[in-house]
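Student: coords below, sequence missing:
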């Protein structure tokens, strides 16, 4: 039986990945320090004999006994609210956590996948963003603790691949959404849904004309699995090409929620990207593309949050 270690497995995307791997017949070790993850996300997996949970911080020495086939590293705060609340923890996750999980993969002879981010492109001057674009990142801005941590992580992954022949892979994830997001994580989808369900104003930072490309979590997880099995070792964008303005997203969520909440504007956030859309030609060559329509994914996410609130 193949055995996967999922660092950050109690988080939003990580819990869906654990579920997916178990469905493929694997044994899964979920590692999480529960800083931004939650046991609630993996509670339904606890009765599976092929699933185990290890509460640990990957920034410390990581020891897993027995054979390991795959190491997935999703361990990091990922929303602006979280990495501004935990800036040092975010830097450590991208640096020490990446090095420790890479060392585990190298020692076990396992395939390794890093979930990087579209934030490595910063506020891009190229649109859509291809993997060969080096980005426009403010290295000392408030978002730099996340942006630069992921850029370091990518460098570390490529170093292990080149110097130690570790079978590594890098996924640059664009805006991902779906059930098990935290209502208070500050990202646009849960923020808008929470406000719409509560009948409160939907807050838009800036003019709302900045764009996002939302990809449903099930599509992302499928992409991660295809990528770690591939021969592609340089970064691959995973995300939707359905680009919408933030104002458009507010109106869509209001419609799906049956809400008459007003939209209010506040001052724009520092270094907030004006545009965001991936070039996914490399992912297409791996046989991947997103298939979940935006309305379908948002409706499923809305129903999840409706149940959490009630």
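Tutor: Perfect, I can see it now. Note that the coordinates shown come from a computational prediction; the quantities given were computed from them, not determined experimentally.

Student: residue 207 touches residue 266, doesn't it?
Tutor: No. Under the contact definition of CB atoms under 8 Å, residue 207 does not touch residue 266, with a separation of 10.9 Å. The way it works is simple: take the backbone N, C-alpha and C, and place the C-beta from them, glycine included.

Student: neighbour-wise, which of these two wins?
Tutor: In this view residue 207 and residue 266 are compared by other CB atoms under 10 Å, and residue 207 has more residues nearby, 12 against 9.

Student: how about that one, secondary structure?
Tutor: Three states are possible here, and by DSSP: H, G, I helix; E, B strand; the rest coil the one that applies to residue 207 is coil.

Student: what helices or strands is the lowest-mean-pLDDT helix or strand in the chain leaning on?
Tutor: In the chain, no helix or strand scores lower on mean pLDDT, DSSP states H and E than helix 80-85, which sits at a mean of 93. When contacts are defined as 3 or more CB pairs under 8 Å, 6 or more residues apart in numbering; DSSP states H and E, helix 80-85 packs onto helix 144-164.

Student: which residue ranges of the stretch 151-300 of the chain form helices?
Tutor: 188-198, 217-228, 246-257, 281-285, 294-309 (DSSP state H, counting those that start in this stretch).

Student: ok, which of those comes nearest residue 13?
Tutor: With distances scored as CB to CB, the stretch of the helices of the stretch 151-300 of the chain nearest to residue 13 is helix 217-228 (6.0 Å).

Student: so what does that closest one touch, helix or strand wise?
Tutor: Here helix 217-228 touches helix 12-23, strand 70-73, strand 111-117, strand 168-173, strand 176-177, strand 236-238, going by 3+ CB pairs under 8 Å, 6+ apart.

Student: for whatever helix or strand comes next after the first one, what is the average pLDDT?
Tutor: By that I understand helix 12-23. Scanning the chain past helix 12-23 towards its C-terminal end, the next helix or strand to appear is strand 27-32 (assignment: DSSP states H and E). Rounded to a whole number, the mean pLDDT of strand 27-32 is 98.

Student: do the same with stretch 217-228
Tutor: Per-residue pLDDT over stretch 217-228 has a mean of 98.

Student: same deal with stretch 293-301?
Tutor: Across stretch 293-301, pLDDT averages out at 98.

Student: and that stretch, what's buried?
Tutor: Of the residues in stretch 293-301, those buried by neighbour count under the rule 16 or more other CB atoms under 10 Å are 294, 297-298, 300-301.

Student: give me the neighbour count for the closest residue to residue 294 other than its chain neighbours.
Tutor: Excluding the flanking residues, the one nearest residue 294 by CB to CB, 6 or more residues apart in numbering is residue 242, at 5.8 Å. Other residues near residue 242 come to 13 when the count uses other CB under 10 Å.
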